[in-house]
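>>> just the structure for this:
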Amino acid sequence: LISSATKSLRMETEILEKKLQDAQMKLAEKDGDKEKEIQSLKRLISELEFQLTMEKSNNESFLDKLRKEIKHKSDELEKLTQERTQLIHSLSQVQEENSLLQDTVRRECEERFELTAALGRAREQVLELRRLSGTL
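The predicted model follows:
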């Protein structure tokens, strides 16, 4: 009975040891798989961090370019605004000069008209005087 119980216990121990070995092998396999997955995730994280760094660098470069372009456009706008102000001032002066010239031309035309009228009257007087002197 003891021998049979011992034999039975040994067999049960062997089965349990075999199960333990199988469980340890499965655990070691799972540990290996998990280690591979961890390494794969670490590589992926490194790649993503590198991509993020590159994107940040590209964004900063793009922002710098935009800032320079905005500064250039702002300077150009300021220059154009100054030119516009100068042109408005010049236009105002030209308009004033034009108005003065138009007034001068108007006065000269009035004077010419008056002189033409006076010349006409003088001709009439000369003709009248010639007629009178011719009759005398």
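>>> if I look at Arg84, how far off is Lys68?
Relative to Lys68, Arg84 is positioned 24 Å away (CB to CB, to the nearest Å). Any C-beta I mention is one placed from the backbone N, CA and C, and that applies to glycine too.
>>> kindly report the same for Leu132.
Distance from Leu132 to Lys68, by CB to CB: 93 Å.
>>> pLDDT below threshold where in this structure?
136 (pLDDT under 70).
>>> which residues of it fall in helices?
Counting by DSSP state H, the chain has helices at residues 2-135.
>>> ok, Gly32 to Ile38 distance?
11 Å.
>>> could you do Gln95 as well?
Using CB to CB, Gln95 is found at 83 Å from Ile38.
>>> and Arg131, how many residues sit next to it?
For Arg131, the neighbour count with other CB atoms under 10 Å is 10.
>>> do Arg10 as well
The number of residues packed near Arg10 is 10, by other CB under 10 Å.
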